[in-house]
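Trainee: got a predicted model here, sequence first, then my questions.
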Amino acid sequence: MKIYEGLAGFSPVKNAVVTSGTFDGVHLGHQKILKRIREIARSIHGETVLITFWPHPRLVLYPDEHKLRLLSTFEEKTKLLRQFGIDHLITIPFTKEFSQLSSQEFIRKVLIDSIDTKKLVIGYDHRFGKNREGSFEYLKTNSTSFGFELEEISRQDVDEIGVSSTKIRKSLVSGDVKTAMTYLGRPYELNGIVIKGQQIGRSIGFPTANIHIPNDYKLIPKDGVYAVEALVGGSMYKSMLNIGNRPTVDGTKKTVEANLFDFQGDLYDKQITVYFREFIRDEHKFESLDALKNQLFLDQQHARTIL
């Protein structure tokens, strides 16, 4: 997959089959679109082109209205799109100035002049252009003059899957990582770097990797204990993970800490990816470290059974 920052470096390809959107999470609904553009491209000996926007438009247009949390960082999204066989990924920097492009200007400048689109595939209810004025109906009415073919992933197809980024976010916020996994078609993941913590876990026989998540817009699931798998240095480890403020030790800052079963060695400064499998319990304040230790033993047994 070739990646382009902006349109300047992209040269039109033969029979470009195009789709566009934020594709946050690259969930099953998105995957249906990706599969379809690959099918069309193969049938006409063309190449797939995906247009996405960064930062996420809502982060730019409504920065103070609410704090949007995303399902995937740009790096995570890029990795997933590569796995799904996209030929060309064009990332358009989303600015307030860009948001003022009318739907007609977007079609002319981006889809026609810059990409030379042969066929455009969009998801149900996809909108584009200033104030999201552009629609499938508008495209269909004017497709002859635009010079490219048009296809919409129908409402029936989308409703059949019953998935949306919003549904996945709500599942994760409630700790329902199994539902999120069903909608994503894979476990939800967090990527970070292991940093030094207070080493309290080590003192009670449960050493943990204190994970720094570098992107503050990345959605972190509900506080609590989870059964997870952790990928470090190319090896996967069954693990349990705690998200929260560690009330038993009077913690004041939220941490993400993983206890990797059967791991030996130093994890500091290493890249780590955790894959959420199942929620085990809420975070509690225990009366003593011994009580916490006993619960962690039970949590570990529970996580091993799940995994």
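Mentor: Perfect, I can see it now.

Trainee: what about residue 37, which SS state?
Mentor: helix (DSSP: H, G, I helix; E, B strand; the rest coil).

Trainee: and it, what does it touch?
Mentor: By CB atoms under 8 Å, 6 or more residues apart in numbering, the residues touching residue 37 are 17-19, 48, 50, 121. No exception for glycine: its C-beta is placed from N, CA and C like everyone else's.

Trainee: what ranges does the stretch 51-200 of the chain have for its helices?
Mentor: 57-61, 74-83, 96-99, 103-106, 136-146, 155-161, 165-173, 177-184, 200-203 (DSSP state H, counting those that start in this stretch).

Trainee: pull the number of nearby residues for residue 307.
Mentor: Per other CB atoms under 10 Å, the neighbour tally for residue 307 reads 15.

Trainee: ignore the last one, residue 297
Mentor: As a burial measure, residue 297 scores 13 neighbours (other CB under 10 Å).

Trainee: now swap in the one 5 residues further on and tell me
Mentor: Applying other CB under 10 Å, we find 16 other residues in the vicinity of residue 302.

Trainee: swap in residue 263?
Mentor: A count of nearby residues for residue 263, using other CB under 10 Å, gives 16.

Trainee: what average pLDDT does the helix or strand containing residue 241 get?
Mentor: Using DSSP states H and E, residue 241 sits in strand 235-244. In this model, strand 235-244 has a mean pLDDT of 96.

Trainee: OK, contacts around residue 16?
Mentor: Residue 16 is in contact with 46-49, 88, 115-119, counting by CB under 8 Å, 6+ apart.

Trainee: top of those by number of neighbours, please.
Mentor: Compared across these, residue 49 has the highest neighbour count, 28 neighbours, by other CB under 10 Å.

Trainee: what are the bridge partners for it, then?
Mentor: Applying DSSP bridges to residue 49 gives these bridge partners: residue 18, residue 88.

Trainee: again, but for residue 271
Mentor: Under the criterion used (DSSP bridges), residue 271 bridges to residue 193.

Trainee: wait, it sits on residue 195?
Mentor: No: using CB atoms under 8 Å, residue 271 is not in contact with residue 195, being 11.8 Å away.

Trainee: what pairs with the strand holding residue 241, and is each one parallel or antiparallel?
Mentor: As defined by DSSP bridges, the strand partners of strand 235-244 come to strand 224-232 (antiparallel), strand 255-260 (antiparallel).

Trainee: now what about the longest one, what contacts it?
Mentor: Defining contact as CB under 8 Å, 6+ apart, one finds that strand 224-232 is touched by 175, 177, 187, 209, 236-244, 258, 260, 263, 267, 270-283, 299, 302-303, 306-307.

Trainee: next one, pLDDT for the closest residue to residue 41 other than its chain neighbours please.
Mentor: Distance criterion CB to CB, 6 or more residues apart in numbering; nearest residue to residue 41, sequence neighbours excluded, is residue 17 at 4.4 Å. The confidence metric pLDDT takes the value 98 at residue 17.

Trainee: and for residue 17, the neighbour number?
Mentor: Neighbour count for residue 17, taken as other CB under 10 Å: 28.

Trainee: the one helix or strand residue 211 maps to packs against which elements?
Mentor: Using DSSP H and E, residue 211 falls within strand 209-212. The contact analysis (3 or more CB pairs under 8 Å, 6 or more residues apart in numbering; DSSP states H and E) places strand 209-212 against strand 189-195, strand 255-260, strand 271-281.

Trainee: hmm, back to that, which one of the contacts of residue 16 is nearest to residue 253?
Mentor: Closest approach to residue 253 among the contacts of residue 16 (CB to CB): residue 88, at 41.9 Å.

Trainee: so the closest one is in contact with residue 13, correct?
Mentor: Yes: contact criterion CB under 8 Å: residue 88 and residue 13 qualify, at 6.9 Å.

Trainee: pull up the overlap in contacts between these two.
Mentor: Contact criterion CB under 8 Å, 6+ apart; residues shared by residue 88 and residue 13: 47, 49.

Trainee: only the buried residues of stretch 53-60, if you could.
Mentor: When burial is assessed from 16 or more other CB atoms under 10 Å, stretch 53-60 yields the following buried residues: 53-57, 60.
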